[in-house]
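Chemist: Model the following, please.
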Amino acid sequence: MPPTSILRVNPAELSAAVQAAVSACLQAGDFGGPPPTDVLIERPRNPDHGDYATNVALRLAKSAGRTPRDIAEAIAKRLRELPGIASVDVAGPGFLNIRLSTSALGELALVVVEAGSNYGRNDALAGQRLNLEYVSANPTGPLHIGGTRWAAVGDALARILGANGAAVTREYYFNDHGSQVDRFARSLLASARGEVIPPDGYAGAYIHDIAARVVRDHPETLRLPRDDAQEVFRREGVELMFDEIKQSLHDFGVDFDVFFHENSLYESGAVDKVVAELKESGALYLAEGAWWLRSSDYGDDKDRVVIRSDGSPAYIAGDLAYLQDKRARGFDLCMFMLGADHHGYIGRLKAAAAALRDDPNAVEVLIGQLVNLVKDGRPVRMGKRAGNVVTLEDLVEAVGVDAARYALERSSSDAVLDIDLDLLVKHSNDNPVYYVQYAHARTSNVRRNAAGVGIGLDEFDPNLLDNPADTALLGALGEFPRIVSSAAELRAPHRVAHYLESLAATYHRWYDTDECRVLPKGDDPITTANRSRSWLNEATRTVLANGLQLLGVSAPERL
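Modeler: Got it, this is the predicted structure:
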């Protein structure tokens, strides 16, 4: 049923009310045309323009054959009849500026506190099974800073998609097949035998550490023929390296539901099976002794070799089998988070889906850009075990898990990121993660102090939240559900971070407003206004905690 009043307001409820008003206008013949599929509700930059605004009349004007102002006036007339709406003004070419009653705005504090950890969550993606693959670094060295960015962003995105109702499976594709693993095994063997690392091998102290551990656990290995010894180093070295990667990720707050072994696609015959199917369907053709995928027929920029002329499978052979396996597991959408050098995979994987007679839209590829660390205004190379490669452990050791995760998540992943290490260790407002966490700690301190003088959540009058600072804070809290929704839709966890910083700033201003005290001054009596504002403080604490949880960052009660 359409809203008959605006008593507990948030942008979603107000959007529904405007849509209902538009439908009523269409039914009454005030203007014609199709109803809008959605109504955008925004907070005006200038609070003098109202609590919320919408451009729906401008969007309807062309199909209705009326001026936007005429349409806006008709909609405004119906909105003004709703209890909870104090005023509706038509501005400029046809914007609707809506001001809510103090009671309707204030009730949001009650809504947030009652919802608790569920506030901001929705069921827009309910029923959808998503496979989100990220990090998937080769087990040939510690996790470097680029993979660390995907670890933070991927985990946050999984949390956000889950908050929108999706069933998300976090997956790590374990690259334990191919030439890179061969080079890794050769490097370990050379180190164990005191030989020079091959020119195409892996350097870094970690190679010597792992080689020594393999020799310690399997001392007989060095007495084996070279090929047999290399196989031991491959098997044991990969396992040790991957155990380290998994532990580093776990310590970083990132865990996976599935670790999928690339090698299993070859051992199970899945690669041979998909190649045979594609040959039979005509999606593969033979040329120059190799089997090629007609990927250019499916939107890729060129055809791709699947089986080389020597009979060995190319990398895309595993991609085809892997994608087929994911879809067979029942996932509606297969999301791949890849590094900056993988732009070609967007067309390649979608073409692979089409060649398999599947929906290319069941594949989504996100590309992340590089990360640079800066100290004293200069780029730094702080790798220890991995030579000049900066690792996850390096970053965490420098700034801590929370600061590292937040710094990696607060910028759009498709932009190159510069991280200022000096800034992230400062306990000041210039440090964005500290600024947000300090706001949460401050709300917790207010709650503790309020409880100490007998102010709890036992009395609430929304009409008393009537200061402009109250209104600003309530408006910011009301934006959180929209932010969670848009962050999922746009695959943009950084929107949550930016929102939290804005909310923290709004809360700090509210806290510093003398008329908005939770604790009375001196010997002043405790009033219903003090008790009502304790609800607003608690609502802010709830939203800050919910937002930080989506980013996998802690919400400390003390700093």
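Chemist: I197 looks like it's in a strand, true?
Modeler: No: membership of I197 in a strand is not supported by DSSP: H, G, I helix; E, B strand; the rest coil, which gives coil.
Chemist: That one: neighbour count?
Modeler: Neighbour count of I197, defined by other CB atoms under 10 Å: 18. C-beta here means a position set from N, CA and C on the backbone, and glycine is covered the same way.
Chemist: Contact partners for it?
Modeler: Applying CB atoms under 8 Å, 6 or more residues apart in numbering to I197 gives the contacts 187, 190-191, 203, 207.
Chemist: Disregarding flanking residues, what is the spatial nearest neighbour of P93?
Modeler: Spatial nearest neighbour of P93, excluding adjacent residues (CB to CB, 6 or more residues apart in numbering): P68 at 5.4 Å.
Chemist: Pretty sure that neighbour sits against K62.
Modeler: No: the criterion here is CB atoms under 8 Å, and P68 misses it with K62 at 9.4 Å.
Chemist: what about those two, which has more around it?
Modeler: Comparing P68 with K62 by other CB under 10 Å, the one with more neighbours is P68, at 22 against 10.
Chemist: Please report the distance of that one from R43.
Modeler: Per CB to CB, to the nearest Å, P68 is found 21 Å from R43.
Chemist: Please apply the same query to R329.
Modeler: Using CB to CB, R329 is found at 42 Å from R43.
Chemist: The two: who's more crowded?
Modeler: R43 (17 against 13).
Chemist: In terms of helices and strands, where is the residue lying closest to the more buried one once chain neighbours are set aside?
Modeler: Distance criterion CB to CB, 6+ apart; nearest residue to R43, sequence neighbours excluded, is G475 at 5.5 Å. Using DSSP states H and E, G475 maps to helix 468-478.
Chemist: any idea of the mean pLDDT in that helix?
Modeler: Here helix 468-478 scores 95 as its mean pLDDT.
Chemist: now for that helix, which elements pack on it?
Modeler: helix 102-115, helix 494-511, helix 528-550 (3 or more CB pairs under 8 Å, 6 or more residues apart in numbering; DSSP states H and E).
Chemist: Give me the distance between the second one and the centre of its chain.
Modeler: To tie it back to what came earlier, the one meant is helix 494-511. Centroid displacement of helix 494-511 relative to its chain, using CA atoms, centre = their mean, to the nearest Å, is 18 Å.
Chemist: what does stretch 450-465 contact?
Modeler: Residues contacting stretch 450-465 (CB under 8 Å, 6+ apart): 102-107, 109-110, 113, 471, 474, 518-520, 526, 528-538.
Chemist: Tell me how many other residues crowd the spatially closest residue to A529 that is not a sequence neighbour.
Modeler: Nearest residue to A529, sequence neighbours excluded (CB to CB, 6+ apart): L464, at 4.4 Å. For L464, the tally of surrounding residues (other CB under 10 Å) stands at 19.
Chemist: repeat for G400
Modeler: Using other CB under 10 Å as the criterion, the residues surrounding G400 number 14.
Chemist: Next, the contact list for it, please.
Modeler: For G400, the contact set (CB under 8 Å, 6+ apart) comprises V425.
Chemist: if you set the cut-off to 6 Å instead, what comes out?
Modeler: Going by CB atoms under 6 Å, 6 or more residues apart in numbering, G400 touches no other residue.
Chemist: ok, and what's touching stretch 263-282?
Modeler: 176-177, 284, 313, 317-318, 320-321, 324.
Chemist: can you list the contacts of I197 in a markdown table and add secondary structure, distance to A488 and pLDDT?
Modeler: Output for these, formatted as a markdown table (DSSP: H, G, I helix; E, B strand; the rest coil; distance: CB to CB, whole Å; pLDDT from 0 to 100):
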| residue | secondary structure | distance to A488 | pLDDT |
| --- | --- | --- | --- |
| S187 | helix | 42 | 94 |
| A190 | helix | 47 | 95 |
| S191 | helix | 46 | 95 |
| A203 | coil | 41 | 81 |
| I207 | helix | 41 | 93 |
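Chemist: shaky segments in the stretch 151-300 of the chain?
Modeler: Applying pLDDT under 70 to the stretch 151-300 of the chain picks out no residues at all.
Chemist: pretty sure V305 belongs to a helix, no?
Modeler: No: counting by three-state DSSP, V305 falls outside a helix, being strand.
Chemist: beta partners for it?
Modeler: W292 (DSSP bridges).
Chemist: Can you find the helix or strand in this structure with the smallest mean pLDDT?
Modeler: In the chain, no helix or strand scores lower on mean pLDDT, DSSP states H and E than strand 378-379, which sits at a mean of 80.
Chemist: about what we covered before: for H144, find the nearest of the helices and strands packed on helix 468-478.
Modeler: Nearest to H144, of all the helices and strands packed on helix 468-478, is helix 494-511, at 21.0 Å by CB to CB.
Chemist: wait, isn't Q369 in contact with V416?
Modeler: Yes: contact criterion CB atoms under 6 Å: Q369 and V416 qualify, at 4.7 Å.
Chemist: The biggest helix by length in the chain packs against which elements?
Modeler: Longest helix in the chain by number of residues (criterion: DSSP state H): helix 226-251. Helices and strands touching helix 226-251, by 3 or more CB pairs under 6 Å, 6 or more residues apart in numbering; DSSP states H and E, are helix 179-192, helix 205-217.
Chemist: Looking at these, which one is packed in the most?
Modeler: Scoring the helices and strands packed on helix 226-251 by mean neighbour count under mean count of other CB atoms under 10 Å gives helix 179-192 as the most buried, with a mean of 21.
Chemist: Check which helix or strand the residue most central in space within the chain maps to.
Modeler: Centroid-nearest residue in the chain: L157, 2.6 Å away (criterion: CA atoms, centre = their mean). Using DSSP H and E, L157 maps to helix 145-163.
Chemist: other SSEs contacting that helix?
Modeler: Helix 145-163 packs on strand 167-174, helix 401-409, helix 480-489, going by 3+ CB pairs under 6 Å, 6+ apart.
Chemist: partner strands of the first one, parallel or antiparallel?
Modeler: Looking at strand 167-174 with DSSP bridges, its partner strands are strand 129-133 (parallel), strand 258-261 (parallel).
Chemist: okay, those, which one's buried deepest?
Modeler: Stretch with highest mean neighbour count among these: strand 129-133 (a mean of 21; mean count of other CB under 10 Å).
Chemist: wait, what's in contact with the closest residue to the residue nearest to the centre of the chain other than its chain neighbours?
Modeler: Once flanking residues are discounted, L157 sits nearest to P493: 5.6 Å by CB to CB, 6+ apart. Going by CB under 6 Å, 6+ apart, P493 touches 153, 156-157, 160, 409, 487.
Chemist: And for L349?
Modeler: By CB under 6 Å, 6+ apart, the residues touching L349 are 363, 365.
Chemist: mind redoing it with 7 Å?
Modeler: For L349, the contact set (CB atoms under 7 Å, 6 or more residues apart in numbering) comprises 319, 323, 336, 363, 365.
Chemist: roughly how far apart are it and L338?
Modeler: Distance from L349 to L338, by CB to CB: 9 Å.
Chemist: Give me the common contacts of these two.
Modeler: By CB under 7 Å, 6+ apart, the residues touching both L349 and L338 are V365.
Chemist: Doesn't L96 belong to a strand?
Modeler: Yes: per three-state DSSP, L96 lies within a strand segment.
Chemist: right, and it touches A76 too?
Modeler: Yes: using CB atoms under 7 Å, L96 is in contact with A76, at 6.0 Å.
Chemist: Which one of the two is surrounded by more residues?
Modeler: L96 (27 against 21).
Chemist: secondary structure class for L278?
Modeler: Under three-state DSSP, L278 comes out as helix.
Chemist: From L40, how far off is it?
Modeler: Taking CB to CB, one finds L278 at 45 Å from L40.
Chemist: And stretch 86-102, how far out from the chain middle?
Modeler: 34 Å.
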